[in-house]
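J.: can you look at this prediction? I've put the sequence above it.
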Number of protein chains: 4
Amino acid sequence: MRTGVWLVGARGSVATTSIVGALALRAGLTGPTGCVTELPELRGPALPSFADLVFGGHDVVDTPLPKRAEALAAAGVVPGRLVDALAGELAEVEAALRPAPAGGSAAEQVAAVAHDVSEFRRRHALDGVVVVNVSATEPAPEPHPAHDDLAALRAALAGPSEVLPPSSRYAYAAFTAGCPYVDFTPSTGARLPALAALARERGLPYAGHDGKTGETLVKSVLAPMFALRHLAVRSWSGVNLLGGGDGATLAEPAANAAKVASKQRVLGETLGYVPQGDTRIDHVAELGDFKTAWDLVTFAGFLGTGMRLEFTWHGCDSALAAPLVLDLARLTAAAHAAGRTGPLAELAFFFKDGIDAPTHALAEQWTLLREFVAGLHAGAAR
Amino acid sequence: MRTGVWLVGARGSVATTSIVGALALRAGLTGPTGCVTELPELRGPALPSFADLVFGGHDVVDTPLPKRAEALAAAGVVPGRLVDALAGELAEVEAALRPAPAGGSAAEQVAAVAHDVSEFRRRHALDGVVVVNVSATEPAPEPHPAHDDLAALRAALAGPSEVLPPSSRYAYAAFTAGCPYVDFTPSTGARLPALAALARERGLPYAGHDGKTGETLVKSVLAPMFALRHLAVRSWSGVNLLGGGDGATLAEPAANAAKVASKQRVLGETLGYVPQGDTRIDHVAELGDFKTAWDLVTFAGFLGTGMRLEFTWHGCDSALAAPLVLDLARLTAAAHAAGRTGPLAELAFFFKDGIDAPTHALAEQWTLLREFVAGLHAGAAR
Amino acid sequence: MRTGVWLVGARGSVATTSIVGALALRAGLTGPTGCVTELPELRGPALPSFADLVFGGHDVVDTPLPKRAEALAAAGVVPGRLVDALAGELAEVEAALRPAPAGGSAAEQVAAVAHDVSEFRRRHALDGVVVVNVSATEPAPEPHPAHDDLAALRAALAGPSEVLPPSSRYAYAAFTAGCPYVDFTPSTGARLPALAALARERGLPYAGHDGKTGETLVKSVLAPMFALRHLAVRSWSGVNLLGGGDGATLAEPAANAAKVASKQRVLGETLGYVPQGDTRIDHVAELGDFKTAWDLVTFAGFLGTGMRLEFTWHGCDSALAAPLVLDLARLTAAAHAAGRTGPLAELAFFFKDGIDAPTHALAEQWTLLREFVAGLHAGAAR
Amino acid sequence: MRTGVWLVGARGSVATTSIVGALALRAGLTGPTGCVTELPELRGPALPSFADLVFGGHDVVDTPLPKRAEALAAAGVVPGRLVDALAGELAEVEAALRPAPAGGSAAEQVAAVAHDVSEFRRRHALDGVVVVNVSATEPAPEPHPAHDDLAALRAALAGPSEVLPPSSRYAYAAFTAGCPYVDFTPSTGARLPALAALARERGLPYAGHDGKTGETLVKSVLAPMFALRHLAVRSWSGVNLLGGGDGATLAEPAANAAKVASKQRVLGETLGYVPQGDTRIDHVAELGDFKTAWDLVTFAGFLGTGMRLEFTWHGCDSALAAPLVLDLARLTAAAHAAGRTGPLAELAFFFKDGIDAPTHALAEQWTLLREFVAGLHAGAAR
Ligand SMILES: NC(=O)c1ccc[n+]([C@@H]2O[C@H](COP(=O)([O-])OP(=O)(O)OC[C@H]3O[C@@H](n4cnc5c(N)ncnc54)[C@H](O)[C@@H]3O)[C@@H](O)[C@H]2O)c1
Ligand SMILES: NC(=O)c1ccc[n+]([C@@H]2O[C@H](COP(=O)([O-])OP(=O)(O)OC[C@H]3O[C@@H](n4cnc5c(N)ncnc54)[C@H](O)[C@@H]3O)[C@@H](O)[C@H]2O)c1
Ligand SMILES: NC(=O)c1ccc[n+]([C@@H]2O[C@H](COP(=O)([O-])OP(=O)(O)OC[C@H]3O[C@@H](n4cnc5c(N)ncnc54)[C@H](O)[C@@H]3O)[C@@H](O)[C@H]2O)c1
Ligand SMILES: NC(=O)c1ccc[n+]([C@@H]2O[C@H](COP(=O)([O-])OP(=O)(O)OC[C@H]3O[C@@H](n4cnc5c(N)ncnc54)[C@H](O)[C@@H]3O)[C@@H](O)[C@H]2O)c1
Ligand code: NA
Ligand code: NA
């Protein structure tokens, strides 16, 4: 099953790390650490192999991919020896990247994106293409009546107004091109009734939102721990210090707000109440692609005795995100092949704010995921 | 179902906090924070209510219980107002405590314990008694052939040698008195083939070992997180600083070794490999009943990128342990009533080193516990 | 030397803790932990004894002082037994408190404050009174031309405009009543040219700003450590989580800004450059009078190797501030008695943002302080 | 002033980083971050320049220096580009290294060392050579009567017994060769009355012990902070996790004990009392040349209120130590040139356990150092 992975934000840190990693896996130069789909519990015939993945994508900048890869090597995100060894393969992927369409009406931009994706599928003779958004986080858009109605949306796209934010235009284009769409960012993406209708109409699955890679991952196991032990969380405060392109974007208050909301959701939904405290994101350029998050949890035990837990997470965001991007591409391609349509709630394991996620507890999300994948493999084996 | 809870180490911090808390719950002076059996998922008809619990126990020291409760109030472990309000009830429990038998052969000591427990059941007209070991941690005993054979053990007990450590003598006595036995400590307790045979012979359930209240609790959710995300844990080092009676005991190298082994088990069994690093326990008297644990985890992500997580846990051990002691007494009494015999592996949720524990991942242990309790309630409802 | 200590914000946490502590010291019920003036290096004849201190003050709220003291005892800030033992003495201080003047022109308010302070001095037959501002932090005022000129200020005060913020009105009143003024808060206080002129005119000393009790105290020793070792600090980020009255006030963006600026000053001035990173203050009511600050410092060593230091400070702000308030009152009274006028730069040891502070390194500030106090004692001994 | 730096343990991490760094500084390829002697307050004519330094040394292993440098580059301790650029210079230093003498009597070994050092001075026409011990930490030796008497020592050295540990044999040899000796390790070195007598006899200065680079450095500013604020430190516990050669050595209980003692000294001497708590050193190979230290300090403020500070230090030991080795070589050479003899107590700034250190507070040590260096420059300028 030759599977295209079309990355929106293809020259960003996450995208580049995903590409380098997939090429390195294909070449046998590295192991699948961090790839959930390579765990014995999930491995199986339904998923395209790493060798089956073909990369392309859009970006608004034009730094060549090999350059970005070298920069990531210098920053300690990917090993320099891999970038050197994969120079030829990276140049090939570079050739498959396209500038993000600019200018024209929204309808024209959408058409241009859909055209690029279809062209990619055709040229590489792919069985399918999954569009994955790993571009910079956007502010939430102004509400618009056309968000709720597909016909109205079609009409509005032709007009002059900015009815859809970029992430949603990409989702729209993916669906019109017959491709599933995954949103790894907290942006709007496919999360609008009109786009859900479009996916249904085309019989396509989609997934999102916001890859769960650091502080929220830890929260998704610690919050259930407090809940299962009947301990009363009184406050949960967090600060995230990050550099890199993502850090710079998130320093913008509007993008920051989108991200923070997606980060706190796990608490209220897991605990059944919202403890005091906020999560903050600060940009510290010097930290580069590494992020430091610090959280303080105060809680009460038996008879009201006050206690506390604090943790510091020092992670490389792109190295955590990239294998999940590959996992999501493989899983979504398999779900598409299996005829699944609509939101893939079973992929909540991967997201801070999974669409229709029935739970925010990581262990329960794992159970859902395992059963979902078992179903895919069972179908593939038939 | 009037249920006796016979505490070995009845004047210790955990025991005293358990008693104060149960009395306060009975009197409606506090809520069930920290009591797992009061979660909506576990609550139900099979469990004795807090008002049904009657306390007694053995200890080697004779500080009156109300004095110990006041000391715990001064240390911030239990609220002083509860101790004041419950003066009468505490004096009643004090009257039910017995000195730990000393002198005589092991057989005589065992008989004396069994007699005290039976007398307690009789005087209070109890439907059953659960013996719970919350006494000081012992060193592991020398291996002895009689550990493996009940007949040989019976013979050896009458002789002069120290064939069983105290915790196992209590287990033996509990079983001969027809009572289930729970070991909240890392001591040997019922964990010997000869004692397992005795429990089987008498048709009694038992559970253990070593209440999971702090660092290991956190490990039991973080280790699965790394495993489920296919991240490679390279080292996991921990230090536990604690004062209190338990801290003083654990400063003894032999007791320390027993505890540390029980703490590291979760890693190897959850991850499938043993990362570098040790866990240490140090006694710092000034910390009193509060414990500070610090853990550093280093791990590798995609392409080998190194990352780290550290956490500091600042907990009040007795306030964490006491509600679990009540939970275990209720659950074990219900299991006994339901005719369960042998090790209660489904209670692994409560232990660092659960007997026959099929998993060390907290969320899976929760699933087992929930199913187990549902079964008890279903039986009770019939 | 009977010395009055007139506290602005007399019913606040810092003020109440200062009063309880001084009364307890006078009664021999506690030791001088935290009182810098009781160190062997500073003790001596020039300073009024604790028994010589007489308390009064203004506040805008009217919760009785004994009530506030009980609340602080319940919160674990002061021992309940002290509050009980000092009930009579606290009631006496309560009788010396006055409502903060409200209504009328600024000139009338200033006159009312000065009258209350003078009346206090007279009634208690005091040798002198030091006015100490420990009231809630204000936003920085709008600049006004009268801030720079005493005559213009006198004229403006009589008019309708809000020319001076409250802290500066108290400073003005203190000076007109012949009293030195200490600002323990980051508010404007005496920090205006017109007020400096007034202090000079009356021959009075003053000191400030912003007591240095937590994160900034730690910074004032760690920043010099990096500087003396020629290590290059790349980023220094901090977050302060605090509840209490002060926490609620500082959650207001304007007050927050004043405080944060005063917190970061030490870095730029000690290192000679400003590293990346911000300091944040968040209000978490549940933390009460305890504050948790977390700081992350990233730095480069030899050949550019990147390293990091993080610290968590968990302090009780009022218990840290109160002894310094007593120190400042004693020192400023002695300086006044010794004829010192103008800003007391030698007291920089106590402040985040000392007026005319020649250094922000704690150890150098200590040297200045020691020499200053030695001078006072030498004068007193003559 | 052409100055030889003879490194004992010349192929170790600290030595190799020192050599790479000095060569890079000489070549203008890096800046002097971490070099205290390059601070404006210390710079001046008395000190040999980096270009004046010539390296040689002994080691018991024979891995070529360029290989060691490459390994350090791979571990992120030194930049790979520097190692590449300095290949020629490193090979030159390699040629000046000698195997540590083995076999023969102690007297013969000492003579061999002295000969190698003298030969090095002669061949490179050096004005002087400073011997710096950066070899692996030794256990403390058994006490021996000859340690107290130079004549007895001379006699004993010729005999069969192991009267001196290696570090002291190197010190003996350095003195007999007319060279000052610096001990950067916690080993015995020159710290014996008989060796002090020898240094006096030859008119030579010496310095030590145990470079202060991490946890103890932080302690040397935090402990004075608590002392100057009259706060009562109740416990101070620390754990040091380190890999690398040094970590492996320190995992040996005897070496560990020497190091730990040297680490705790600062507390007792600065605070005037010894708080509860221990410092531990654990070997975690995976941490490589980076060390993580975690310290918990509990302390009491006014009225006994309990508070706490914890810090995590994540440093690269060799990158912290190497510039100090260069500083010490420059300063000791200058002291020698200025005619100083005996222990250089003024260098306490650099050591955990400075010989005759009058204080353990970093800021006071800095003042001593500054005055000392000013004296050297004043002498040099004349
Ligand atoms: N790394 C993680 O752990 C993680 C976790 C969750 C979510 N995310 C999200 O993934 C996204 C990518 O993160 P990153 O670190 O790679 O950021 P980045 O800044 O390195 O990359 C983003 C890329 O998107 C491109 N881009 C911006 N607008 C675009 C548009 N309209 N069309 C096409 N390309 C566009 C940018 O030019 C850039 O190359 C962010 O939204 C981030 O919030 C990352
Ligand atoms: N508190 C927790 O979070 C926790 C968690 C897991 C396990 N535990 C275990 O629970 C036990 C109790 O802890 P604690 O903090 O209450 O300790 P503690 O020292 O306060 O109490 C132990 C009590 O046991 C008594 N005792 C000692 N030997 C005895 C004997 N032979 N017979 C009867 N009584 C005896 C002692 O006199 C003392 O009163 C310890 O073994 C501890 O390791 C506690
Ligand atoms: N506690 C510390 O460690 C610390 C350190 C540095 C500075 N400070 C400053 O000390 C001040 C007091 O802190 P706190 O914790 O006691 O706060 P708090 O809120 O408990 O007390 C402030 C008191 O000031 C009173 N007040 C407000 N406006 C007033 C006015 N115009 N006139 C008279 N009284 C007025 C309030 O009614 C309140 O009683 C704050 O400004 C704080 O920033 C405290
Ligand atoms: N790096 C720091 O921050 C720091 C701080 C204080 C003290 N120190 C001390 O510096 C020393 C060196 O540390 P490192 O990290 O370079 O260790 P390392 O293990 O990398 O190097 C030690 C070297 O000494 C050599 N050696 C051992 N015995 C010898 C002998 N008898 N004669 C000659 N050479 C011998 C070894 O072969 C090795 O090459 C250690 O004693 C350490 O405790 C280091
Ligand atoms: Na930390
Ligand atoms: Na911490």
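T.: Looks like it came in fine. Ligands and ions are numbered 1, 2, ... in the order given.
J.: ok, now which ones touch A:Ser161?
T.: Contacts for A:Ser161 (C-beta atoms under 8 Å, 6 or more residues apart in numbering or on different chains) come out as A:His144. Heads up, the C-betas are built off the backbone N, CA and C, glycines and all.
J.: can you confirm it is in a strand?
T.: No: counting by DSSP: H, G, I helix; E, B strand; the rest coil, A:Ser161 is not found in a strand; it is coil.
J.: sec struct for the closest residue to chain D within chain A, please.
T.: Nearest residue of chain A to chain D, counting by C-beta to the nearest C-beta: A:Thr312, 7.3 Å away. Taking three-state DSSP as the rule, one finds A:Thr312 in the strand state.
J.: check contacts around it.
T.: A:Thr292, A:Ala293, A:Trp294, B:Leu309, B:Glu310, B:Phe311, C:Glu310, D:Thr312.
J.: any idea which element the second one lies in?
T.: In this case it means A:Ala293. Using DSSP states H and E, the element containing A:Ala293 is strand A:290-300.
J.: so who does A:Thr185 touch?
T.: Neighbours of A:Thr185 in contact, by C-beta under 8 Å, 6+ apart: A:Asn133, A:Val134, A:Ser135, A:Ala136, A:Thr137, A:Glu138, A:Ser167, A:Gly208, A:His209, A:Asp210, A:Gly211.
J.: mind checking the SS state of it?
T.: Recorded secondary structure, A:Thr185: coil (three-state DSSP).
J.: can you check the one 10 residues further on too?
T.: Counting by three-state DSSP, the backbone at A:Leu195 sits in helix.
J.: what number of residues lie near A:Asp278?
T.: A:Asp278: 18 surrounding residues under other C-beta atoms under 10 Å in any protein chain shown.
J.: relative to chain B, how far out is it?
T.: Distance, A:Asp278 to chain B, using C-beta to the nearest C-beta, to the nearest Å: 20 Å.
J.: mind listing what the closest residue to ligand 5 within the stretch 51-200 of chain A touches?
T.: Here the stretch 51-200 of chain A gets closest to ligand 5 at one residue, A:Gly76, 21.6 Å apart by C-beta to the ion. Shown in contact with A:Gly76 (C-beta under 8 Å, 6+ apart): A:Gly288, A:Asp289, A:Phe290, A:Cys316, B:Thr305, D:Gly76.
J.: one step back: the strand holding A:Ala293 pairs with which strands, parallel or anti?
T.: Applying DSSP bridges, strand A:290-300 is found paired with strand A:232-242 (antiparallel), strand A:306-316 (antiparallel).
J.: any residue of that strand touching ligand 5?
T.: No: residues of strand A:290-300 are not located near ligand 5 by C-beta under 5 Å from the ion, the shortest gap being 7.1 Å.
J.: any buried residues in that strand, and which?
T.: A:Phe290, A:Lys291, A:Thr292, A:Ala293, A:Trp294, A:Asp295, A:Leu296, A:Val297, A:Thr298, A:Phe299, A:Ala300 (16 or more other C-beta atoms under 10 Å in any protein chain shown).
J.: just put the residues you listed in JSON lines and tack on pLDDT.
T.: Output for the buried residues of strand A:290-300, formatted as JSON lines (pLDDT from 0 to 100):
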{"residue": "A:Phe290", "pLDDT": "92"}
{"residue": "A:Lys291", "pLDDT": "94"}
{"residue": "A:Thr292", "pLDDT": "97"}
{"residue": "A:Ala293", "pLDDT": "96"}
{"residue": "A:Trp294", "pLDDT": "97"}
{"residue": "A:Asp295", "pLDDT": "97"}
{"residue": "A:Leu296", "pLDDT": "98"}
{"residue": "A:Val297", "pLDDT": "98"}
{"residue": "A:Thr298", "pLDDT": "98"}
{"residue": "A:Phe299", "pLDDT": "97"}
{"residue": "A:Ala300", "pLDDT": "96"}
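J.: max pairwise distance over these: which two?
T.: Pairwise distances across the buried residues of strand A:290-300 peak at 34.0 Å for A:Phe290 and A:Ala300 (criterion: C-beta to C-beta).
J.: related to what we said a few turns ago, and the residue of the stretch 51-200 of chain A closest to ligand 5, what are its phi and psi?
T.: Torsion angles at A:Gly76 (phi, psi; degrees, to the nearest 10) stand at phi 80, psi 10.
J.: sorry, back to before: so which of the contacts of A:Thr185 belong to helices?
T.: Those of the contacts of A:Thr185 mapping onto helices are A:Ser167, per DSSP state H.
J.: just checking: which of the contacts of A:Thr185 also lie near chain C?
T.: Among these, no residue lies close to chain C (C-beta under 8 Å from any C-beta of the partner chain).
J.: show me the domain layout of chain A.
T.: Structural domains annotated on chain A: A:3-210+A:319-381, A:215-316, as defined by automatic domain parsing.
J.: what about the strands in chain A?
T.: Along chain A, counting by DSSP state E, strands occupy A:3-8, A:53-59, A:97-99, A:128-133, A:181-183, A:205-208, A:232-242, A:279-283, A:290-300, A:306-316, A:342-343.
J.: rank those by pLDDT, which is bottom?
T.: Lowest mean pLDDT of these: strand A:279-283, a mean of 90.
J.: packing partners for that strand?
T.: Strand A:279-283 sits against strand A:232-242, helix A:244-250, helix A:253-271, strand C:279-283, with contacts defined as 3 or more C-beta pairs under 8 Å, 6 or more residues apart in numbering or on different chains; DSSP states H and E.
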